[in-house]
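Asks: Sequence and predicted structure are below.
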Amino acid sequence: MDYLSYKEFVWPRNPHTYREETIREPQYATVDGVATFTGMSHLKRIITGSGVFYGADAFTQFKALAKLAEEASPGNLEHPVWGIRYCYLTKLELLQEPAENCVSYQFEFTQALANGVVPK
């Protein structure tokens, strides 16, 4: 089985959970106090998941992913089944104090348009 990856980071084991939420908001224009439907917004996708890094390098694995969370640029998140999403890593959470050989985490990615803009 292939593994989830983001930019140059490849998960040593796939996360326990992976969720994609797709959102499109209706758009309205107000003219003379009357709101009129004008269409739908750009697709917005939020990707969340959780997992555990195991082994002697568990903390090193988490720190490598945390370093990517500090970057302000988007990159490709590649899922072995669902394909490639161009995303920002918008949240990375350490769920517990790192135990010996075990680090639990949660993540959130926000998909961007090709130009790097995130839809509202």
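Replies: Okay, I see it. Numbering: from 1, shown residues only.

Asks: residue closest to the middle of the protein?
Replies: Against the mean C-alpha coordinate of the chain, by Cα atoms, centre = their mean, the closest residue is residue 109 at 1.5 Å.

Asks: Please give the element, helix or strand, for that one.
Replies: Per DSSP states H and E: residue 109 is located in strand 102-111.

Asks: Can you name the residues in contact with that strand?
Replies: Strand 102-111 has contacts (Cβ atoms under 8 Å, 6 or more residues apart in numbering) with 6, 15, 43-54, 58-59, 61-62, 65, 77, 85-96, 118. For every residue, glycine as well, the C-beta is placed using N, CA and C.

Asks: Report the buried members of the residues you listed.
Replies: Using 16 or more other Cβ atoms under 10 Å as the burial test, the contacts of strand 102-111 include 6, 15, 44-49, 51-53, 58-59, 61-62, 65, 77, 85-89, 92 as buried.

Asks: On the strand side of things, show who the residue nearest to the centre of the chain bridges to.
Replies: Counting by DSSP bridges, residue 109 forms beta bridges with residue 47, residue 89.

Asks: Tell me where the chain is predicted with low confidence.
Replies: Residue ranges of the chain with pLDDT under 70: 1, 98.

Asks: Tell me where it has helices.
Replies: Using DSSP state H, the helices of the chain run over 58-69.

Asks: Can you give me the end-to-end span of stretch 108-120?
Replies: This stretch, stretch 108-120, spans 16 Å end to end (Cα to Cα, to the nearest Å).

Asks: what distance separates that stretch from the middle of the whole chain?
Replies: Centroid separation for stretch 108-120 versus its chain: 10 Å, with Cα atoms, centre = their mean, to the nearest Å.

Asks: Give me the buried positions along that stretch.
Replies: For stretch 108-120, a neighbour-count test (16+ other Cβ under 10 Å) marks 108, 109, 110, 111, 112 as buried.
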